[in-house]
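K.L.:
sequence first, predicted coordinates after that:
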Amino acid sequence: MKANDLRILVPIKQVPRTEEITLDATGRLVRTGVDLGINAFCRRSIAKAVHLANEFGGSVTAVSMGPQTATSALREALAAGVDEGFLLSDPALAGSDTLVTARVLARFAVEHGPFTMILVGRFSIDAGTGQVGPQLAELLGLPFIGAATSLELDGDYVSSRCELDSSVREVVVELPAVIAVAERLCAPAKPSLAEVHAVDTEKIKILDTDRLRVDFPVGAAGSPTSVSGITRIAQLRRGLSWSGSIEEQVAKLAVFLADRDPIPAEQRSIASGSLSSVAILCDHEQPDLTADLIALTRELVASEGLSITAVGFPDSYRGLAIGDSIVELRGSRHEADVAAALRPWISESRPELLVAPATSFGREVAARLAASLGVGLIGDATELEIRDDARVIAYKPVGSELSMAAVLTRSEIQLVTMKLSRSLHTGALPPTTPTTIQPQILQVPRRVNIHTVHNEITEDLRALDEAEIVIGVGLGVDPADYPLVFEQAARVRAAVACTRKVADRGWMPRSRQIGVTGRSIAPLLYIAVGVRGSFNHLVGVNRARTILGINNDPESPLAAAADAAITADWRVALPRVVDAVLASVAE
């Protein structure tokens, strides 16, 4: 690559500066009266892009899609070193879902490119699905690298270390490419207020749909998915909190554990409609999830004799029954190649519903399929409902309040990625597949120019899924004290999890993160230690039978969000709480 040939595009999103995110009844972000700024993960895209442009020579273009108020985000980007900013703003764009957003960004990239590299945030804090990046890559015909924790440029190639669900993958890809940056890649771009005010706003160009030459439907009318409503989650936790000495509080905890009648989180009354054809995408790195997806689907679909088709590589499917079918993939396991091979099969077989796990593999394959087929994709759903008209409604947590969005898709083929709490469905079906099912073989040719140098499994995801007791740590626990946490966890055979901010700092693996942008689990007991208690985290354990909290701040939201909370130094309290749990189990 010649000097100054490097052109980097950074799509950025404006979101509330705090976790206090609120959506209106239509599912759109409330911006009025809210302090807005650049999405935390986009700040790292900006910082890395500016660093690369300065090191190798070149330019950085930032683009944002939103109302006129989004110019403030672009001013921040320019103050951080970005060369030019574009705001894609038009009333017609209001209500655009991820597919329309990706299409508009792709049109911009074509009209104002070519770009050597497109750096996107791993996800946005107001919607953690991370679909736009791989959809943009699919529309532009580019490779996609997800969750990059390192990024080194060498001529026309970039090498990256990627943080996936349970593994770390080192890859080399020929440019151009779309790359999603992880939190650990670099420090976020945070210009001073004086630097922001010094930005010449003339450097920000505003484009409407006419100037973008948009010739496809946009906004709510052009989006295959839409939010049909926002519902509040009933707070069913007891919210007990105690004061006094640690001995007095633990004594009350012991009584609570002995006498409690566990109140589970609210279970939505799910209607079961009828579907004629359902396909399940299997993740070859996490085959146990397939049985859960099949169990969940069979539980929801009321059709007698429903045949489910499992699509995956050998040994990646579990829990099928006589009458089901298998499409066995053979060849390249790169997500882009899998999506390309599945596209004609889906177009021909036309399943009414394709369910994929909300894993790195499932998210990218589903996002690429949605973009190439032009169909709706509902990402990171936690509950599904099948209506009588065979329409799928997916529920997912939104905002920072106890709210769930009901999202539906209008497309004939419906795509959903599911976040599962495995203990809810494990055992519902046999874990193996009958040997009498003869698979249909589908070859996956190698097309993508991504070379995997090394892939290392770093975590066993089943530990959190199968643990009856989980201890979650937040910023209130110093990493130097983690040995104490693990020591106490071992006493009750508990798994250890964490909040997003802990994972962001690299103190624990991303695979242990619980919450909106992490995993969902359903243990019998969740003990939150040094956790503030935000909805974004606790929604990941809302199906736990009992939530206990330990926090030295009596005003922490954790006190109200848990069944019971102890106010004390966790170093003193945790061993005593574990004693009480052991005594309760013994009884």
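P.N.:
That came in fine, so what should we check first? Numbering: from 1, shown residues only.

K.L.:
who's in contact with residue 374?
P.N.:
Residues near residue 374 by C-beta atoms under 8 Å, 6 or more residues apart in numbering: 99, 224, 411. From N, CA and C alone the C-beta is placed, and that goes for glycine too.

K.L.:
of these - the most surrounded one?
P.N.:
residue 99 (26 neighbours; other C-beta atoms under 10 Å).

K.L.:
buried residues, the strand or helix carrying that one. List them.
P.N.:
If you go by DSSP states H and E, residue 99 is part of helix 98-112. By neighbour count on 16 or more other C-beta atoms under 10 Å, the buried set for helix 98-112 is 98-109, 112.

K.L.:
of those residues, closest to residue 89?
P.N.:
Nearest to residue 89, judged by C-beta to C-beta, of the buried residues of helix 98-112 is residue 104 at 10.9 Å.

K.L.:
would you confirm that that closest one contacts residue 213?
P.N.:
No - in this structure residue 104 lies outside contact range of residue 213 using C-beta atoms under 8 Å: 10.9 Å.

K.L.:
where does residue 213 sit: helix, strand or coil?
P.N.:
Recorded secondary structure, residue 213: coil (DSSP: H, G, I helix; E, B strand; the rest coil).

K.L.:
what pLDDT does it get?
P.N.:
Predicted confidence (pLDDT) for residue 213: 92.

K.L.:
and if you look at residue 373?
P.N.:
96.

K.L.:
that one and residue 347 touch, don't they?
P.N.:
Yes - between residue 373 and residue 347 there is a contact at 7.0 Å, judged by C-beta under 8 Å.

K.L.:
care to break this structure down by domain?
P.N.:
What automatic domain parsing lists as the domains of the chain is 6-220, 233-265+459-586, 278-453.

K.L.:
ends of stretch 379-396, what's the gap?
P.N.:
For stretch 379-396, the first-to-last residue distance is 8 Å (C-alpha to C-alpha, to the nearest Å).

K.L.:
apologies, that question was intended for stretch 298-310.
P.N.:
So stretch 298-310: terminal residues 13 Å apart, C-alpha to C-alpha.

K.L.:
same check on stretch 394-404?
P.N.:
End-to-end for stretch 394-404, by C-alpha to C-alpha: 10 Å.

K.L.:
the top strand by length along the chain: which residues count as buried?
P.N.:
If you go by DSSP state E, the chain has its longest strand at strand 144-154. Within strand 144-154, the residues that count as buried by 16+ other C-beta under 10 Å are 144, 145, 146, 147, 148, 149, 151, 153.

K.L.:
mind saving the C-alpha coords of the helix or strand just after that strand as PDB?
P.N.:
Moving toward the C-terminus from strand 144-154, the next helix or strand (DSSP H and E) is strand 157-163. Output in PDB follows, covering the C-alpha atoms of strand 157-163 (Å, rounded to 0.1, in the frame of the first residue of the first chain):
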ATOM      1  CA  TYR A 157      -3.000  -7.100   4.700                       C
ATOM      2  CA  VAL A 158      -4.200  -6.700   8.200                       C
ATOM      3  CA  SER A 159      -3.600  -9.200  11.000                       C
ATOM      4  CA  SER A 160      -5.900  -9.300  14.000                       C
ATOM      5  CA  ARG A 161      -6.400 -11.200  17.300                       C
ATOM      6  CA  CYS A 162     -10.200 -11.700  17.700                       C
ATOM      7  CA  GLU A 163     -12.100 -12.300  20.900                       C
END
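
K.L.:
check which residues of the helix or strand following strand 157-163 are buried.
P.N.:
In the C-terminal direction, the helix or strand that comes right after strand 157-163 (DSSP H and E) is strand 167-174. Residues 167, 168, 169, 171, 172, 173 are the ones in strand 167-174 that count as buried (16+ other C-beta under 10 Å).

K.L.:
tell me the confidence at the fourth one?
P.N.:
So that's residue 171. Listed pLDDT for residue 171 reads 92.

K.L.:
contact partners for it?
P.N.:
Residues in contact with residue 171 (C-beta under 8 Å, 6+ apart) are 145, 159, 160, 162, 450, 451, 452, 453.

K.L.:
show the buried residues in those.
P.N.:
Using 16+ other C-beta under 10 Å, the buried ones in the contacts of residue 171 are 145, 159, 160, 162, 450.

K.L.:
for residue 176, give me the pLDDT.
P.N.:
As summarised for this prediction, residue 176 has a pLDDT of 95.

K.L.:
hmm, it is touching residue 114, no?
P.N.:
Yes - Residue 176 lies in contact with residue 114 (C-beta under 8 Å); the separation is 6.9 Å.

K.L.:
neighbour count winner among the two?
P.N.:
Set residue 176 next to residue 114 and count neighbours by other C-beta under 10 Å: residue 176 wins out with 22 against 10.

K.L.:
quick one, what contacts that one?
P.N.:
Each residue near residue 176 by C-beta under 8 Å, 6+ apart is listed here: 114, 115, 116, 117, 118, 142.

K.L.:
out of these, which is nearest to residue 133?
P.N.:
Nearest to residue 133 out of those is residue 118 (C-beta to C-beta; 8.2 Å).

K.L.:
the closest one reaches residue 175, doesn't it?
P.N.:
No - Residue 118 is not in contact with residue 175 according to C-beta under 8 Å; the separation is 10.1 Å.

K.L.:
between the two, point out the one with more neighbours.
P.N.:
Set side by side, residue 118 and residue 175 show more neighbours around residue 118, with 29 against 18, by other C-beta under 10 Å.

K.L.:
which helices and strands does the strand or helix carrying the more buried one pack with?
P.N.:
Using DSSP H and E, residue 118 sits in strand 117-121. Helices and strands touching strand 117-121, by 3 or more C-beta pairs under 8 Å, 6 or more residues apart in numbering; DSSP states H and E, are strand 6-12, helix 40-56, helix 132-140, strand 177-181.

K.L.:
at 6 Å instead, please
P.N.:
strand 6-12, helix 40-56, strand 177-181 (3 or more C-beta pairs under 6 Å, 6 or more residues apart in numbering; DSSP states H and E).

K.L.:
residues contacting that strand, please?
P.N.:
With contacts defined as C-beta atoms under 6 Å, 6 or more residues apart in numbering, strand 117-121 is touched by 8-11, 39, 41-42, 45, 49, 133, 175, 178-181.

K.L.:
picking that back up, and the buried residues of strand 144-154, which is closest to residue 584?
P.N.:
Using C-beta to C-beta, residue 147 is the member of the buried residues of strand 144-154 that lies nearest residue 584, at 39.4 Å.

K.L.:
hang on, isn't that closest one packed against residue 163?
P.N.:
Yes - using C-beta atoms under 6 Å, residue 147 is in contact with residue 163, at 4.5 Å.

K.L.:
show me where the stretch 201-350 of the chain has its strands.
P.N.:
For the stretch 201-350 of the chain, applying DSSP state E, counting those that start in this stretch gives strands covering 204-207, 225-232, 240-242, 278-281, 308-312, 325-331.

K.L.:
quick one: buried residues of the second one?
P.N.:
Using 16+ other C-beta under 10 Å as the burial criterion, the residues of strand 225-232 that qualify are 225, 226, 227, 230.

K.L.:
just the helices in the stretch 301-450 of the chain please.
P.N.:
Taking DSSP state H, counting those that start in this stretch as the test, the helices found in the stretch 301-450 of the chain are 335-349, 360-373.
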